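Asker: okay, sequence plus prediction incoming.
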Amino acid sequence: MLRRNFIKKTVIATGLSLLFPKLVFGSKEEKSSNVKVLKPTPGNWSPEAVTLAWVGHSTVLINFFGKMILTDPILFEKVGIYIWGTTFGQSRYSPPALEADEIPKPDIVLLSHAHMDHTDYKSLKFLTDKYPKQIDCITAYNTSDVTDDLQWKSIKEMDWNDEYSLPGLSFKALQVKHFGWRYPWEKDRSKGFMKDGRSFNAYVIERNGKRILFGGDTALQNYFARDVKTNVDIAIMPIGAYNPWRFNHCNPEEALKMARSIGAKVFIPIHCGTFKQGVEPVGEPLKIVRESVSNFSLELGIKEIGGTFSAG
């Protein structure tokens, strides 16, 4: 029933997108084929190390001592409404650093919230069709209906401050300052629907005594400083679409400040350079991070899309 209702809403939204494409998706941007990115080589990664590659937007491939985690997979040219095998929506500014077929089998897919640029049905369907019943999925509270028809090994909703374990890994879901509706008419915790509204998460992932924060999508907040009780080693943080969306997105220096508040040693930037979602220049967020990171006593682990960071 939940999935049937969700599909009905998708059909309605598709009709709106075809009638009012600029209202739903904004203006057309430069084609991603005009932008070159680095190429990670996950086949060479050691299972004895922690290695991360920024695939694009909020998609990070994490080798956590041999466990493969993929965050918010966006693997194709467009994000938006998926229906009849086609995605209607915004095109990428830059291509993914790894094509869909180049992504190694994830053990876990980690989804921060139901926005179409974070929970991309086409990418998730591709992964679960290629690896049926082999991938565990973790998603935010009241968001599993978006993808629960796919061939997951398991799918787990996590509420704020929930803790959950899979073999060799532990997860804690964290509150962020954002919003969660996939379509504007849906109930959402940012609108006050705390029990039956869609939620939105960050996560701390722990393995072998090392801790990684996946910051999801957030504006400046003190929730991390309040809820993360033990310092993290690596903070993966969004830094784009802050102009004019400061209520929902942090700017680069605010992201660095939040990472410092939880004792992070390494900073990995995401959520910029892939889609033109704010009015700031596409390259501005990364430029500011490069110029500011030393002021926060953090190491910049990755400097551009396709970059790789590794630590023993």
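Answerer: Alright, I've got the coordinates.
Asker: Thr41 - how many residues pack around it?
Answerer: 11 (other CB atoms under 10 Å). (Each C-beta comes from the backbone N, C-alpha and C, glycine too.)
Asker: correction: Thr230
Answerer: If we define neighbours as other CB under 10 Å, then Thr230 has 9 of them.
Asker: so is the nearest residue to it once chain neighbours are set aside in a helix, a strand, or just coil?
Answerer: Leaving aside its sequence neighbours, Thr230 sits nearest to Arg211 (CB to CB, 6 or more residues apart in numbering; 6.6 Å). In three-state terms, and counting by DSSP: H, G, I helix; E, B strand; the rest coil, Arg211 is strand.
Asker: look up how far Gln90 lies from Ser261.
Answerer: Remark: distance between Ser261 and Gln90 (CB to CB, to the nearest Å) = 32 Å.
Asker: compare those two (neighbour count), which wins?
Answerer: Gln90 (22 against 18).
Asker: returning to what we had before: neighbours of the residue nearest to Thr230, how many?
Answerer: 20.
Asker: give the contact list for it.
Answerer: 204-205, 230-234 (CB atoms under 8 Å, 6 or more residues apart in numbering).
Asker: rerun that using 6 Å as the cut-off
Answerer: 204, 232-233 (CB atoms under 6 Å, 6 or more residues apart in numbering).
Asker: secondary structure element holding Val232?
Answerer: Val232 belongs to no helix or strand when assigned by DSSP states H and E.
Asker: how far away is it from Lys303?
Answerer: Distance from Val232 to Lys303, by CB to CB: 20 Å.
Asker: neighbour count winner among those two?
Answerer: Comparing Val232 with Lys303 by other CB under 10 Å, the one with more neighbours is Val232, at 21 against 16.
Asker: tell me the first helix or strand C-terminal of the helix-or-strand element of the chain with minimal mean pLDDT.
Answerer: Each helix and strand of the chain was given a mean pLDDT (mean pLDDT, DSSP states H and E); the minimum falls on helix 21-25 at a mean of 36. Moving toward the C-terminus from helix 21-25, the next helix or strand (DSSP H and E) is strand 50-56.
Asker: and that next one, what does it pack onto?
Answerer: Applying 3 or more CB pairs under 6 Å, 6 or more residues apart in numbering; DSSP states H and E, one finds that strand 50-56 makes contact with strand 59-64, strand 308-311.
Asker: other residues contacting the first one?
Answerer: I take that to be strand 59-64. 45, 50-55, 69-74, 207, 236.
Asker: go on, stretch 188-204?
Answerer: Contacts of stretch 188-204 (CB under 6 Å, 6+ apart): 112-114, 140-143, 171-174, 176, 178-181, 187, 211, 213-216.
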